[in-house]
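A.B. asks: below are the sequence and a predicted model; questions follow.
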Amino acid sequence: MSGDGVGDNDGAGTGDGEGQRKQRSFWKELPLLIVIALVLALVIKTFLVQAFSIPSDSMQNTLQRGDRVLVDKLTPWFGSEPERGEVVVFHDPGGWLPETDVPDPNIAQKFLSFIGLMPSAEEKDLIKRVIAVGGDTVECKKGGPVEVNGHALDEKGFIFAGNTPCDDQPFGPFKVPKDRLWVMGDHRQNSQDSRYHMDNADRGFVPVKDVVGRAIVVAWPLNRLATLPVPDTFDQAGPGRAAAVVGSLAAPGAAGLAGAVPLVLWRRKRLASRPVRESGPHSTGPGGGTAG
């Protein structure tokens, strides 16, 4: 009825109408908020940071089975390459991972992994520590330390307690080819790393192009929250390449939501600041339309 809601107090009536319009406007904006958050999460996962799950014990005690790490995918876009001592995630160069059957993820798992809120079980990736980069000379004799460019690495701070540097599989000396990496697990006697793939086409070296990014932080479980710095011993192995620093420790989904909220609030504020034209009973205001 056209007479309903019309009273003698025009100000009170206007206030009620504005409250209804604001409430209605929020629910109209909610789908936009969700869409922006999902788009930003996808962009962050694709270009900035991605979560990965640790499926094995090959990087103990630095990383434990079941840990979730955040991997910096940004710096490679600016030309940075992996450096000695960094923990990196890389695609299987070929033949490193056994052919195993994995359970098919459900629709929810596929969606969450697609936007970066959950690690993907379908991707064949590995995580190891970079020991030597292109141009380095690397070797390890039985009973001795790993040597890079003639410098003996002090690995006591990160290799698994009770392990030897390479007694199970000595190697070298040899020069790492350009655009290749020599990688090893921190749990040396439980890591099928570069040493065990020297008969492959890449002779155990990992192509830089296969590197997804550097693991920068253990994000889950919370009681293991920690960064993954480069051990000091690698600074003495030779000049390293400077890499850009990524300070973001937020998961893609959270960062996407954090980026979406200000955009939507700005849009709402902008719409609310528009003047309301009082041209009659059918005039419209911010977030309004024709009343039914």
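C.D. replies: Received it, and whenever you're ready, just let me know what you need.

A.B. asks: in the protein, what helix or strand scores lowest on average pLDDT?
C.D. replies: helix 252-272 (a mean of 51; mean pLDDT, DSSP states H and E).

A.B. asks: low-scoring pLDDT stretches of the stretch 101-250 of the chain, where are they?
C.D. replies: Applying pLDDT under 70 to the stretch 101-250 of the chain flags residues 101-106, 108-123, 237-250.

A.B. asks: for the stretch 51-200 of the chain, just list every one of the helices.
C.D. replies: Listed in chain order, the helices found in the stretch 51-200 of the chain under DSSP state H, counting those that start in this stretch are 107-114.

A.B. asks: might one say that Phe52 is in contact with Val69?
C.D. replies: Yes: between Phe52 and Val69 there is a contact under Cβ atoms under 8 Å: 5.4 Å. Where C-beta positions appear, they are placed from N, C-alpha and C, glycine not excepted.

A.B. asks: now the terminal residues of stretch 163-179, how far apart.
C.D. replies: Stretch 163-179 has an end-to-end distance of 29 Å (Cα to Cα, to the nearest Å).

A.B. asks: how about stretch 146-156?
C.D. replies: Terminal residues of stretch 146-156 are spaced 12 Å apart (Cα to Cα).

A.B. asks: now tell me what touches that stretch from outside.
C.D. replies: The contact list for stretch 146-156 (Cβ atoms under 8 Å, 6 or more residues apart in numbering) reads 84, 131-132, 136-140, 144-145, 165-166, 173, 184, 231, 233-234, 236-238.

A.B. asks: still on that earlier bit, which one of Phe52 and Val69 has more residues nearby?
C.D. replies: Val69 (24 against 20; other Cβ atoms under 10 Å).

A.B. asks: find the nearest non-adjacent residue to the more buried one, please.
C.D. replies: Once flanking residues are discounted, Val69 sits nearest to Ala215: 4.4 Å by Cβ to Cβ, 6 or more residues apart in numbering.

A.B. asks: give me the contact list for the helix or strand that contains the one you found.
C.D. replies: Assigned by DSSP states H and E, Ala215 belongs to strand 211-220. Strand 211-220 has contacts (Cβ under 8 Å, 6+ apart) with 50-52, 63, 67-76, 81-82, 86-91, 125, 127, 181, 224-228, 243, 246, 249, 251.
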